[in-house]
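> Okay, sequence plus prediction incoming.
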Amino acid sequence: MSAAPMKRISWPSSIKMGDLVLPIFIVLLALTAGAIEPRFFSWSNFENLARQIAPLAIASTGQAFAIISGGLDLSNAAVMSLAGVAGITALPHVGIGGCIAVMLLTGGLAGLASGFIIAYFRTTPLIVTLGMMSIAQAIALILSNGVPIYNVPDALTDTIGFGQVFGIPSTILIASSTMIAGWFLLRRTIFGRYVYAIGSSRSATEKSGIDVRFYTMLVYLVAGLTSGIGALVMTAWVGAAQPVAAPTLTLQSLAAVVLGGVALTGGSGSMLQVFYGVLILGMLSNAMNMIGISDFYQTLAVGVVIILAVILDRFRRSHE
C-alpha cells in the first residue's frame, strides 16, 4: 500500500514576504535591545515608549497624507509650536475648551494656507511648507517672546498629559485615535481614494474630472490639524507651550513615513506602514536612552535612518 502524497504547504496569497520584513525587524530590534538592557521589556518602559512616540505618531499621520498625495510637509513641527503657543496665550480669555479649539484651528488654518498656495498657484510643496515653517516659527517666537509659556493649567496636564482612561494613558489614546482616523480617511472614504489618485498621477486625476486643487487643500488641512493635535499632546505632556517644540520632529516624521514603506513619489502606502516606521524610530530612541547614548549620537542615528529609508524606497520602487 503506497503512502499518501504529502500536501504542499503554500504561502497565503494575501500575505507578501515584503510585508513581513518590518515586523520581523521590529521583533529583532526588541530582542537586541532587551539583551543589551533587560529593563527594555519592563511594563513601565513599554508605557514610557508609547508616550514618547505619541507626538511622532500624530505628526507622521499628517505627513503620510502629504507624501501619499505626492507632496510633503516641512512645517509640521513649527506649526505645532505655533498652535501650542497660540492656545496657551488665548487660554485666559477662552478657557480650556477654547484653548484646545485654538490649537486645532491654528494648525488647520496653517495647513489650509499651505494647501491653497500649493494647489492654486501650482507651487512646489517643499518650498511652500518650508516658507510656512519659517512663518509659523517666527510668529510662535514673537507671541512667546522667545521663551516657553509655563502657565498650563493642571486640568490640562492631569487630564491629557498624564491622565488615563481605563488604565490607558490619554496621550496614547489620542495618538491611536489619530492614526485610526487617518486609516479610515485613506481606506474607507472617497477623499482617501482621491489622495492616492493625485499621488499616482495628478494629470490623469484632473482629466477624470476630479477637483485636484480642492482635495490638495484638504490634504494639507488634515496635515495641519494633526499638528494642532500634536500641539495639544506635547503642551499637556511637557507642561509648557514651547516656541521651538521638538525641532527634529519634521525629519523624524519624514523618516518614519518613508521607512515604513510609503513611496516618496506618492500614490501608495498605508497607516500600518507608518506605524511600523514610528515604532522603529521610537524603539531606537528609547533603547539608546536606556543605554545612555548621547542625544548628539541619537540625532546622528536619525539622519542615517533617513538616508537609509530613501535608499530603501528607491530599491523598493526599482523592483516593483
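Happy to help now that I have it.

> Report the separation between Ile135 and Val79.
Remark: distance between Ile135 and Val79 (CB to CB, to the nearest Å) = 9 Å. Yep, even glycine has a C-beta here, placed from its N, CA and C like the rest.

> If you count surrounding residues, which of those two has more?
Val79 (36 against 17; other CB atoms under 10 Å).

> before we move on, which element is the nearest residue to that one once chain neighbours are set aside in?
Nearest non-adjacent residue to Val79, counting by CB to CB, 6 or more residues apart in numbering: Ser227, 4.1 Å away. Using DSSP states H and E, Ser227 sits within helix 212-238.

> One more: Arg122?
Arg122 belongs to no helix or strand, assigned by DSSP H and E.

> returning to what we had before: what's the residue nearest to Val79 in contact with, if anything?
Ala59, Gly62, Ser75, Asn76, Ala77, Val79, Met80, Ala83, Gly107, Ala110, Gly111 (CB atoms under 8 Å, 6 or more residues apart in numbering).

> any chance of the residues you listed in JSON lines, plus pLDDT, distance to Thr157 and secondary structure?
Shown next, in JSON lines, are these (pLDDT from 0 to 100; distance: CB to CB, whole Å; DSSP: H, G, I helix; E, B strand; the rest coil):
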{"residue": "Ala59", "pLDDT": "97", "distance to Thr157": "20", "secondary structure": "helix"}
{"residue": "Gly62", "pLDDT": "97", "distance to Thr157": "24", "secondary structure": "helix"}
{"residue": "Ser75", "pLDDT": "96", "distance to Thr157": "26", "secondary structure": "coil"}
{"residue": "Asn76", "pLDDT": "95", "distance to Thr157": "23", "secondary structure": "helix"}
{"residue": "Ala77", "pLDDT": "95", "distance to Thr157": "21", "secondary structure": "helix"}
{"residue": "Val79", "pLDDT": "97", "distance to Thr157": "22", "secondary structure": "helix"}
{"residue": "Met80", "pLDDT": "97", "distance to Thr157": "17", "secondary structure": "helix"}
{"residue": "Ala83", "pLDDT": "97", "distance to Thr157": "17", "secondary structure": "helix"}
{"residue": "Gly107", "pLDDT": "97", "distance to Thr157": "20", "secondary structure": "helix"}
{"residue": "Ala110", "pLDDT": "97", "distance to Thr157": "25", "secondary structure": "helix"}
{"residue": "Gly111", "pLDDT": "97", "distance to Thr157": "26", "secondary structure": "helix"}
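
> List buried residues within the residues you listed.
Among those, the ones that count as buried by 16 or more other CB atoms under 10 Å are Ala59, Gly62, Ser75, Asn76, Ala77, Val79, Met80, Ala83, Gly107, Ala110, Gly111.

> Ser253: which of those residues is nearest?
Nearest to Ser253 among the buried ones among the contacts of Ser227 is Ala59, at 4.3 Å by CB to CB.

> What ranges in the stretch 101-250 of the chain fall below the confidence cut-off?
Residues of the stretch 101-250 of the chain meeting the criterion pLDDT under 70: none.

> ranges for the helices of it?
Secondary structure of the stretch 101-250 of the chain (DSSP state H, counting those that start in this stretch): helices located at 125-144, 154-156, 170-188, 190-200, 202-207, 212-238, 249-260.

> could I get the ones you listed as JSON lines with distance to Arg314?
Shown next, in JSON lines, are these (distance: least, CB to CB, whole Å):
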{"stretch": "helix 125-144", "distance to Arg314": "18"}
{"stretch": "helix 154-156", "distance to Arg314": "44"}
{"stretch": "helix 170-188", "distance to Arg314": "23"}
{"stretch": "helix 190-200", "distance to Arg314": "17"}
{"stretch": "helix 202-207", "distance to Arg314": "21"}
{"stretch": "helix 212-238", "distance to Arg314": "24"}
{"stretch": "helix 249-260", "distance to Arg314": "10"}
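
> Let me know which of the ones you listed is the nearest to Gly277.
Per CB to CB, nearest to Gly277 of the helices of the stretch 101-250 of the chain: helix 249-260, 3.1 Å.
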